[in-house]
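K.L.:
Provided below for reference: sequence and predicted model.
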Amino acid sequence: MSSGWGCQHLTKFEEEKEWCRLLKHKCEPGCNGCVLYGKFLFSDSTTPSNEAFEKRKEKNRSDNPLG
């Protein structure tokens with residue numbers, strides 16, 4: 001069984017094949033405002049999501065919510 005993820009905001013607009021309805025511009029996974037922002041580490045080092053991901057990781061969260 002294969003799995004995948006599809007963004008609910010991805011659509012076509014005029015000549016653009018990958019258009020974000022949420023942000024109203026060309027789809028750029030991981031940009032500010034994207035549902036993926038800060039949640040994943042992208043291979044493209046210029047993606048602003050990578051910096052947010054690292055900051056989120058640094059917060060030293062506990063696995064035990066009661067501990």
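P.N.:
Done, it's in. Numbering: from 1, shown residues only.
K.L.:
low-confidence ranges, the protein, go.
P.N.:
Along the chain, the parts satisfying pLDDT under 70 run over 1-4, 58-67.
K.L.:
repeat that with 80
P.N.:
Across the chain, residues meeting the criterion (pLDDT under 80) sit at 1-6, 57-67.
K.L.:
next secondary structure after whatever helix or strand Lys12 lives in?
P.N.:
In the assignment (DSSP states H and E), Lys12 maps to strand 10-13. Using DSSP H and E, the next helix or strand after strand 10-13 towards the C-terminus is strand 16-20.
K.L.:
which elements pack onto the following helix or strand past that next one?
P.N.:
The helix or strand immediately downstream of strand 16-20 is strand 25-26, counting by DSSP H and E. Packed against strand 25-26 by the contact rule (3 or more Cβ pairs under 8 Å, 6 or more residues apart in numbering; DSSP states H and E) you find strand 16-20. (Glycine included, C-beta is placed from N, CA and C.)
K.L.:
show me what the strand it packs on is in contact with.
P.N.:
Residues from elsewhere that reach strand 16-20 (Cβ atoms under 8 Å, 6 or more residues apart in numbering): 7, 9-13, 25-28, 34.
K.L.:
that older thread, what about the strand holding Lys12, distance to the chain center?
P.N.:
Centroid separation between strand 10-13 and its chain, computed with Cα atoms, centre = their mean, to the nearest Å, is 17 Å.
K.L.:
helices and strands around that strand, which ones?
P.N.:
On a contact count with 3+ Cβ pairs under 8 Å, 6+ apart, strand 10-13 meets strand 16-20.
K.L.:
just the element for the spatially most central residue of the chain, please.
P.N.:
The centre of the chain sits closest to Leu36, judged by Cα atoms, centre = their mean, with a distance of 1.7 Å. Using DSSP H and E, Leu36 falls within no helix or strand.
K.L.:
the strand holding Lys12 pairs with which strands?
P.N.:
Its sheet considered, strand 10-13 pairs with strand 16-20 (antiparallel) by DSSP bridges.
K.L.:
how far does the strand it pairs with sit from the chain's center?
P.N.:
Put simply, strand 16-20 sits 16 Å off its chain's centre (Cα atoms, centre = their mean).
K.L.:
next, the buried residues of it.
P.N.:
For strand 16-20, a neighbour-count test (16 or more other Cβ atoms under 10 Å) marks 19-20 as buried.
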